[in-house]
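Colleague: 3D model of this:
(one chain, ligands or ions: 2)
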Amino acid sequence: MEKRRVVLTFPYQLIDQPITYHLIRDYNLVVNILRAKINPEEEGRLMVEISGDKKSLDEGMDYLKRLGVSIQPLVKDIRWLEEKCTHCTACLSICPTGALSVERKEMKVSFEKDKCIACGLCILACPYRAIEISF
Ligand code: SF4
Ligand code: SF4
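Modeller: Numbers count the residues shown, from 1 in each chain. Ligands and ions are numbered 1, 2, ... in the order given. Take a look at the predicted model:
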């Protein structure tokens, strides 16, 4: 039995599709939804832990890719190091959930952990290494 923690990003055309149902029924996988964020007009994101044997997991991932779902491995934790942040805002446009945001008047960046889906996209965007991950 293997476990994979991933972020699934799917286009709005797929939002109504029973994707997790198919993963469970057709691929014999256990799907635990850790967090979900749906923008009906745009796209959906699911942070999930999927368990099953390796072959079923590989086939399930292939099924998702064929549908057009993007799959990113999930990191365990994200830490924003306020003392290192220069408030340059380079990370803001890359953050898909608004977990990193800026207060415009003072141009002060902040991090809301509750909104973070741990996709890890901000890590590479930050030139000052003010965001750390642990796997
Ligand atoms: S990991 Fe970074 S980019 Fe991804 S949601 Fe969290 S703060 Fe935003
Ligand atoms: S890119 Fe890094 S330094 Fe710039 S605002 Fe984001 S966290 Fe702060």
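Colleague: what's downstream of the lengthiest helix in the chain, the next helix or strand?
Modeller: Across the chain, the longest stretch assigned as helix under DSSP state H is helix 54-67. Using DSSP states H and E, the helix or strand that follows helix 54-67 towards the C-terminus is strand 70-73.
Colleague: pLDDT wise, what is residue 73 at?
Modeller: In this model, residue 73 is scored at 83, pLDDT.
Colleague: confirm for me that it is in contact with residue 5.
Modeller: Yes: under the criterion of CB atoms under 8 Å, residue 73 makes contact with residue 5 at 7.1 Å. C-beta coordinates here come from the backbone N, C-alpha and C atoms, glycine included.
Colleague: if you count what's nearby, which of those two comes out ahead?
Modeller: Applying other CB atoms under 10 Å to residue 73 and residue 5 shows that residue 5 carries more neighbours, namely 17 against 12.
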